[in-house]
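1. dropping a prediction and its sequence here:
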Amino acid sequence: MIAYGEKFQSGLGYHDFLHVHGTDDQRQRWQGVHEQIVLTPAQRTLLASFTREIKVICLAGAWCGDCVNQCPILDHFQIVQPLIQVRYFDRDAHPDLGKALSICGAARVPAVLFLTEDDCQLGMYGDRTLSKYRAMAAAQLGPACPTGLVAEPRELLAAVVQDWLDEFERIHWIVRLSARLREKHGD
């Protein structure tokens, strides 16, 4: 059993993770996606409204295309809302996390574990968002397999940002409405 609070403390911030685990080419790719992400005023307002600390363990790989396209989103959220604290872990350097956060029987990335301020588990999310899976299904399975709404490629990044924000909002409501934490904070 992993002591997630202790593990969280050993994680790296966004830029440190890329410095330690990424090549120059990989860092450049992550930066390219980072520069494309634009949070809407409504998204920024929502993030700014969060009132509880949320710790996030993100299992990733600097080499991973899905991580390149999603992890910069988490950095944008943390920039807007300092109560969101994300720590990154390289999948290959942390096989214990890979096993604990496995998805569909494998150490897929990115995989995110949300924790309360006092290290209780809140939820897990990854490896791709619903919008990304819809786009993949439309491309791989064809029109015979209805997938719901599928974003055009230029809109896909914005849809993935919203998918992640929806999950962060859900996690925030869990901690904000927790009777235990409301008693602790007197609200």
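-> Structure's in. What do you need? Numbering: from 1, shown residues only.
2. how far off centre is the helix ranked longest in the chain?
-> Ranked by number of residues, the top helix in the chain under DSSP state H is helix 153-177. Centre-to-centre, helix 153-177 and its host chain are 9 Å apart (C-alpha atoms, centre = their mean, to the nearest Å).
3. same for it, what does it pack against?
-> helix 41-48, strand 54-60, helix 65-80, strand 121-126, helix 130-141 (3 or more C-beta pairs under 8 Å, 6 or more residues apart in numbering; DSSP states H and E). For glycine as for every other residue, the C-beta is placed from the backbone atoms N, C-alpha and C.
4. which non-adjacent residue is nearest I171?
-> With sequence-adjacent residues excluded and distances taken as C-beta to C-beta, 6 or more residues apart in numbering, I171 is closest to F114, at 4.7 Å.
5. so who does the one you found touch?
-> F114 makes contacts with I54, K55, V56, Q121, L122, G123, M124, Y125, I171, as judged by C-beta atoms under 8 Å, 6 or more residues apart in numbering.
6. three-state assignment of the residue nearest to the third one when sequence neighbours are not counted?
-> Going back to what we said before, that points to V56. The shortest distance from V56 to any non-neighbouring residue, by C-beta to C-beta, 6+ apart, is to V86 (4.3 Å). Using DSSP: H, G, I helix; E, B strand; the rest coil, the structure places V86 in strand.
7. burial measure for V86, as a count.
-> For V86, the neighbour count with other C-beta atoms under 10 Å is 21.
8. ok, it touching H76?
-> No: V86 lies out of contact with H76 (C-beta atoms under 8 Å); the separation is 10.5 Å.
9. ok, H15 to H21 distance?
-> 11 Å (C-beta to C-beta, to the nearest Å).
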